[in-house]
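**Q** below are the sequence and a predicted model; questions follow.
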Amino acid sequence: MIKLNLVSENLKNEIKLRRVYGVIKKTAFIFLFIVIIYSITLLFSRLLILNKFEDVVAQTTLITKNAQSYNSRVREINSSLDFVTQAQENFIRLSCFLGSVKNLSGSDISLDQIIFNREKTSVIIRGKSKTRDQLLDFKQKLEKSGWFSVVDLPLKNLLTREEIDFEMTAAAVTEKF
């Protein structure tokens, strides 16, 4: 068998170039097809991620709203507890105090007014005593009672012997008030 080559060199080069161009064209189409598939996959992935993100944001918002309601409830409870604590700190057992002062005064001394000053931790006691001795005895009993650190009875209250209108100031012991 004899091979005859009747095709010119230019035509041979053109045929080779057409084959190379065909291979390049097929490769480009395959590459373009793969890029399109990846693009579609990425687009659907993006849509799924956005949908999931919106779900997470909605759930987080619900959790945040629930947490805010719990936080506001906790703040209300703390406010109530602070109020109760403050009320307990400011509480004075007046019934014990008044009962003990009445027992110390006896029957010959009538108490008209007892004024409490919490800032100065002092008490002003006003009343009427039948005699000076009973008034001095009452003053000594108040000093020994443990309710007061200092009891001040002005000298003007001691000038009369009987039917004395008195006013005494007493510095309260701070642990009891």
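**A** Perfect, thanks for sending it.
**Q** and the gap between Val151 and Asn78?
**A** When C-beta to C-beta, to the nearest Å is applied, the distance between Val151 and Asn78 equals 42 Å. The C-beta positions use only the backbone N, C-alpha and C, and glycine is treated the same way.
**Q** the two - which one has more neighbours?
**A** Comparing Val151 with Asn78 by other C-beta atoms under 10 Å, the one with more neighbours is Val151, at 20 against 10.
**Q** just the pLDDT for Phe116.
**A** Residue-level confidence at Phe116 comes out at 81, pLDDT.
**Q** going along the chain, name the strands of the protein.
**A** Across the chain, reading from the start of the chain, the strands by DSSP state E fall at 109-117, 122-131, 148-152, 162-172.
**Q** list the helices and strands the lowest-mean-pLDDT helix or strand in the chain packs on?
**A** Between all helices and strands in the chain, the lowest mean by mean pLDDT, DSSP states H and E belongs to helix 94-105, at a mean of 74. If you count contacts as 3 or more C-beta pairs under 8 Å, 6 or more residues apart in numbering; DSSP states H and E, helix 94-105 packs onto strand 109-117, helix 132-144.
**Q** got JSON lines for the ones you listed, with mean neighbour count and distance to Lys156 too?
**A** Rendered in JSON lines, the data for the helices and strands packed on helix 94-105 read as follows (neighbours: other C-beta atoms under 10 Å; distance: least, C-beta to C-beta, whole Å):
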{"stretch": "strand 109-117", "mean neighbour count": "13", "distance to Lys156": "17"}
{"stretch": "helix 132-144", "mean neighbour count": "17", "distance to Lys156": "12"}
